[in-house]
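Enquirer: Predicted coordinates and the sequence they were generated for:
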Amino acid sequence: MTGRPRGRLLAFVIALVLGLSACATSEQPRRPEPLVLAAPPSPSLAPVYVAQAEGYFEDAGLDVQLLEQGVGVLAMSALLAGECDVAAVADPPIARAVIEGKTPRVITTFDRVDGLTYIVARKDRGIETTHDLQGKRIGVVKDNIGHYFLHVYLVTSGIDPSRVEVVHLGSDEMVTAVTSGVVDGISWAPPSTLRAQEVLGDNATVLERPGLYTVTWSFVTMPSDDPQRQDRYARFLQAIDRANSFIQEHPEEAQRITASRADQPLAELQRQWGNHQFDLLLDQTLILTLQDVASWMMGSEGDIPSFLWCVDTGPLREAHPEGVTIVLPEDMQ
Amino acid sequence: MTISRKLYLAALVPVVLALVALGGLALSYASVAQLQREQAAVIQVRTDLNDLNEFARAYLQHHDEGSRQQFATKSEQILQDLEVFSGSDDWSWAERIGADVGQMRTYFGDLVINHERGGPVAEEAENRLSALLFIRSAQADESAARLMQQVTDAIAVRQRIISGSVAAATVLAAAILIGVLLALRSGVIRGLNELVAGTERVGSGDLDHRLDLARSDELGDLGRSFDQMSERLKDVTVSRAELERALDTTTLLLDAARVLAASLDLDQTLRSLAEVVTRATARTRVSVDLYDSERRTMTVTALNPGPGIPEGSTFTIDQLAPGFREAILERRPQIIDYEDPTLRPDIRERARANEHVLVAIVPLVRSNRVLGFFRIDDPGEPREFTRTELELANGIAAQAAAAIDNARLYESERQIAAQLQEALLALPERIEGVEFAHAYHSATETARVGGDFYDIFELDHERVGVTIGDVAGKGMNAAVLTSLAKNTIRAHASEEGKSPAAVLRLTNSVLYRSTSPESFVTIFFGILDRTDGSLVYASGGHTTALVIGADGAVASLPFSGPLLGALPEADFRQGETCVERDAVLLLYTDGLIEARSPGGEFYGEDRLLAYVRSEDHTSASAVVEAVIRDVLSFSAGRLNDDLGILAVRRTGDSTEAPEQHKLEVTLDARR
């Protein structure tokens, strides 16, 4: 064999290898996978707002569509109805769903906020103090955080809840009901409470007790063995985790983003900002909280269900493994 | 910077680094200690949280004051334990724990109130509050776990930093120390090498070498001290090079002395001188000129080699460059630069023609007399002369002058001696009634003047005196004694009636009075009557004379008496014999019979007698020739003593006598 043919063969091999390498490394742009998140507007959704604003979802290969619901209960309903992939809800909707035999799966808690819920009442109805609530009509969204708070607030104040007329309202009825005088007050959280305060002005009485109730927000999915779906949840949580870091490093920017999305005045948001603990966690507190809320919901009727079954640690172990400290039976891990 | 200061600094570098590292370590360990205190506090908090739960449960069960107090105390203790975190960078988890515990205290307080209140609402409140309390407790424990992890991670990080810092500081210190030491070593070694090389050069004799170390450290000081020492050594010590030069000079001078002393021939001496000077100075041209101080002329006598003024050229001093006059006046070498424009044009012109540029004129001085010069140069080249070169040339010149003087003296003495010898051995052209032949050889080269002599002279019409003698000693003294002895014998022999014995007695008296006792002479003296052949003779210590008859018979004349000149009075026996017609009287000195063969054997009288018997003796010259031939053959041409032979044949008639025959003795040694 002469030198020239050998050189040609070598050049061909090199070109072939380079070509194959280029094919192997030239990935097609990955098409973002859709993910529908149902959630009520809330400052607790700050990580979601930041992740969207900063493009973290796109970076994770996700096209997250936010399906806003007026209240967490509706978001949970949307999840149970299959209208969304993930629901962002507080404890009561989860407890209710489990009590009703549904099988939601908490893949992480993402915010714990203290002092979120309080009562806005009308002074012209004679409500100035806690004890003035007796005999009054207080509007709540059934089985939501305001409802739970009202109960705990009353009993820990020594007031028999039966001496307060609880009026179940729709989430979109709450503000109007109190401002129009249909009810004497409402128990809930911003932004509805803030709007009611704004309308009532000096006629508003705010009854609150910081530290009494810490609301835990969770991302909830429906059970699935589909690994692609689990992977999508994991990437979703990775984006949220990045957003949490952003919130830590750029709190003012995060507040600005959140204020515009949660329909809250920035100043009020900043005042409350310190009460939030944005962190991806699956710990024992979740179980205790859900049990407590379920116990309130069920009263003396029947046994409190186990909430260990409604925890799915898989996505969080992928995205943020140090957040998983919950102790589960071996066959649930 | 001095080496000691560099060493201090080199030692200081790791010390400073170690101090910095130790300071850093101390801070780090302090930090770790704080973290470890925090870690211990967290552990305690978690334990206390557990206790707090137990107390709360106990209270919920028993509603006792003890549990309530324990709860209050324990919760207070937890809050105090958390104080350790007040100085931490990240206080958030501890703050959460504190907030949770604070809230637990609130819940617990509400629990107590509701319990004391009683009733179903209070019971419901207790349920809610207890649940919230345990939730808070769980949150607090979760936060404590996070805090524990955070503190443990921080400790691990700090310990890694400490380990890394210690390793880095150690490596850095070692690297800096090694670098500094290497640099220092390199500098010191370089300096030491320069010192060693310099000291070796100085030690080998080069005292002009200087270290010149451009250093500001101890090695520089040492180098400067060494240079000063070399300078002082140079002042008081002859360097090896100088010793070698002196040795070379001495060797050359000895060589010159040996060569110049090898010959007493003036011509040969001058040529040897030219060769010696050429060899010693490595100059390509040397000429030797003899100086006539009376006529103030200089004659070129020997050239070696090359172009120049031909041998035999003679110049007056006025025709030459002023350097010649200065050399004569000052008796020391002069350098003539023929390109000096102040020189006369004719001198410069002749120098150009002879390619003289820079010439050293070295006078040959003997007893303050200038015998001549030798000139050395390199034709066409202005090569400078060194002091050593001129000193060497001057030394050779001194020896050459002595050699030339000796050669001249020898030549003069030789000429005188030759004339004296000629006079002493002069014999008459012919004597009627006898035919005679003779030969003479002097053992000494000096002027060829030996101590042997012979003579033949007419006393009257009938009688002829015949003498042969041997004077003790050589040279001029011997010649003088010979002359005295010969002429005294002639004088006394001419006196009327004086017998040979009387003549010798009188001669002894004269010689004794005229010379020192150690000067003596052996003499055979006879008076031959040409008509009847009678020979009366006497001998004073001389060898036996022979009479060789016409028939070849040989007779010895053995009588012998005392040496002449040794004693104030001496009597000599007298003998008488007859020399027949055509018989030959053969007289000789002891140089003949004492000649030695190469084996050391004497020639001796027996060999002489045997030989003359066998050879032709028809003429005196034939006898002399035969004897000379035989003794030369016997001695292989080497005669170590003076030799004189005189042969007289009595012809007895009145016809014209033949001329005397003088034989030249040619020896191998002289060839």
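Expert: Ah, there it is.

Enquirer: Quick one: the helices in the stretch 551-671 of chain B, in order.
Expert: In the stretch 551-671 of chain B, the segments counted as helices under DSSP state H, counting those that start in this stretch are B:590-593, B:604-614, B:620-634.

Enquirer: Mean pLDDT per helix and strand in chain A: which one sits at the bottom?
Expert: Within chain A, confidence by mean pLDDT, DSSP states H and E is lowest for helix A:3-25 among all helices and strands, at a mean of 49.

Enquirer: Chain A versus the closest residue to residue B:532 other than its chain neighbours, what's the distance?
Expert: Leaving out its chain neighbours, the residue that sits closest to residue B:532 by Cβ to Cβ, 6 or more residues apart in numbering or on different chains is residue B:578, at 7.5 Å. All C-beta atoms are positioned from the backbone trio N, CA, C, and that covers glycine. Per Cβ to the nearest Cβ, to the nearest Å, residue B:578 is found 130 Å from chain A.

Enquirer: which residues does residue B:578 bridge with?
Expert: On the basis of DSSP bridges, residue B:578 is bridged to residue B:534.

Enquirer: Surely it is in contact with residue B:535?
Expert: Yes. Here residue B:578 lies in contact with residue B:535, judged by Cβ atoms under 8 Å, at a distance of 6.8 Å.

Enquirer: and stretch B:160-174, how far from the chain's centre?
Expert: Taking Cα atoms, centre = their mean, to the nearest Å, one finds the center of stretch B:160-174 at 65 Å from the center of the full chain.

Enquirer: now swap in stretch A:268-282 and tell me
Expert: 12 Å.

Enquirer: Over to stretch B:529-543?
Expert: 70 Å.

Enquirer: Now for residue B:34: which residues touch it?
Expert: Contact analysis of residue B:34 by Cβ atoms under 8 Å, 6 or more residues apart in numbering or on different chains lists residue B:87.

Enquirer: of all the helices of the stretch 551-671 of chain B, which lies closest to residue A:169?
Expert: Closest to residue A:169 of the helices of the stretch 551-671 of chain B is helix B:620-634 (Cβ to Cβ; 175.6 Å).

Enquirer: Show me what the mean pLDDT comes to for that closest one.
Expert: The average pLDDT for helix B:620-634 rounds to 89.

Enquirer: May I have that helix exported as PDB, CA atoms only?
Expert: C-alpha atoms of helix B:620-634 as PDB (Å, rounded to 0.1, in the frame of the first residue of the first chain):
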ATOM      1  CA  ALA B 620     117.000   6.500   9.300                       C
ATOM      2  CA  SER B 621     113.700   7.700   7.800                       C
ATOM      3  CA  ALA B 622     112.700   4.100   7.100                       C
ATOM      4  CA  VAL B 623     113.300   3.200  10.700                       C
ATOM      5  CA  VAL B 624     111.300   6.200  12.000                       C
ATOM      6  CA  GLU B 625     108.500   5.500   9.600                       C
ATOM      7  CA  ALA B 626     108.300   1.900  10.500                       C
ATOM      8  CA  VAL B 627     108.300   2.500  14.200                       C
ATOM      9  CA  ILE B 628     105.700   5.200  14.000                       C
ATOM     10  CA  ARG B 629     103.500   3.000  11.800                       C
ATOM     11  CA  ASP B 630     103.800   0.200  14.200                       C
ATOM     12  CA  VAL B 631     103.000   2.100  17.400                       C
ATOM     13  CA  LEU B 632     100.000   3.800  15.800                       C
ATOM     14  CA  SER B 633      98.800   0.400  14.700                       C
ATOM     15  CA  PHE B 634      99.300  -1.000  18.200                       C
END
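
Enquirer: now the angle from it to helix B:604-614?
Expert: 130 degrees (axes from the mean of the first three to the mean of the last three Cα atoms, to 10 degrees).

Enquirer: before we move on, which element is whatever residue of the stretch 101-250 of chain A ends up closest to chain B in?
Expert: Here the residue of the stretch 101-250 of chain A nearest chain B is residue A:155; by Cβ to the nearest Cβ that distance is 3.8 Å. In this assignment (DSSP states H and E), residue A:155 forms part of helix A:145-156.

Enquirer: strand partners of the helix or strand following that helix, parallel vs antiparallel please.
Expert: Where DSSP H and E defines the elements, the next helix or strand beyond helix A:145-156 is strand A:165-168. Strand A:165-168 has the following strand partners under DSSP bridges: strand A:137-140 (parallel).

Enquirer: I would like the residues contacting the strand it pairs with, please.
Expert: By Cβ under 8 Å, 6+ apart, the list of residues contacting strand A:137-140 reads A:119, A:121, A:146-147, A:150, A:164-169, A:173-174, A:177-178, A:182-188.

Enquirer: redo that, cut-off 6 Å
Expert: A:146-147, A:150, A:164-167, A:169, A:174, A:177, A:183-187 (Cβ atoms under 6 Å, 6 or more residues apart in numbering or on different chains).

Enquirer: so which helix or strand takes in the residue nearest to the spatial centre of chain A?
Expert: Most central in chain A under Cα atoms, centre = their mean is residue A:88, positioned 3.3 Å from the mean C-alpha point. Counting by DSSP H and E, the element that carries residue A:88 is strand A:86-89.

Enquirer: helices or strands up against that strand?
Expert: Judged by 3 or more Cβ pairs under 6 Å, 6 or more residues apart in numbering or on different chains; DSSP states H and E, the packing partners of strand A:86-89 are strand A:33-39, helix A:72-80, strand A:214-221.

Enquirer: Could you look over these and pick the most buried one?
Expert: strand A:214-221 (a mean of 25; mean count of other Cβ atoms under 10 Å in any protein chain shown).

Enquirer: Does the following helix or strand past it reach chain B?
Expert: For strand A:214-221, the succeeding helix or strand toward the C-terminus, using DSSP H and E, is helix A:227-249. No. Using Cβ under 6 Å from any Cβ of the partner chain, helix A:227-249 stays clear of chain B, coming no nearer than 9.8 Å.

Enquirer: The longest strand along chain A vs strand A:214-221, what angle?
Expert: Assignment by DSSP state E gives strand A:105-114 as the longest strand of chain A. Between strand A:105-114 and strand A:214-221, the angle comes out at 160 degrees (the same axes, to 10 degrees).

Enquirer: Pull the distance from stretch B:252-267 to the chain's centre.
Expert: The answer for stretch B:252-267 is 23 Å, by Cα atoms, centre = their mean.

Enquirer: Could you list the buried residues of it?
Expert: B:252-253, B:256-257, B:259-260, B:263-264, B:266 (16 or more other Cβ atoms under 10 Å in any protein chain shown).

Enquirer: again, but for stretch B:269-286
Expert: So stretch B:269-286, judged by 16+ other Cβ under 10 Å, has buried residues B:269-281, B:283-286.

Enquirer: could you list every residue that touches residue B:331?
Expert: Taking Cβ under 6 Å, 6+ apart, we find residue B:331 in contact with B:363, B:365.

Enquirer: Kindly report the same for residue B:110.
Expert: Per Cβ under 6 Å, 6+ apart, neighbours of residue B:110: A:156, B:129.

Enquirer: let's go with 8 Å and repeat that
Expert: A:156, B:125, B:129.

Enquirer: measure the last one to chain A for me?
Expert: Read that as residue B:129. Distance of residue B:129 to chain A, computed by Cβ to the nearest Cβ: 6 Å.

Enquirer: what do you get for residue B:488?
Expert: As defined by Cβ to the nearest Cβ, residue B:488 lies at a distance of 124 Å from chain A.

Enquirer: where does that residue land on pLDDT?
Expert: The model's pLDDT for residue B:488 equals 92.
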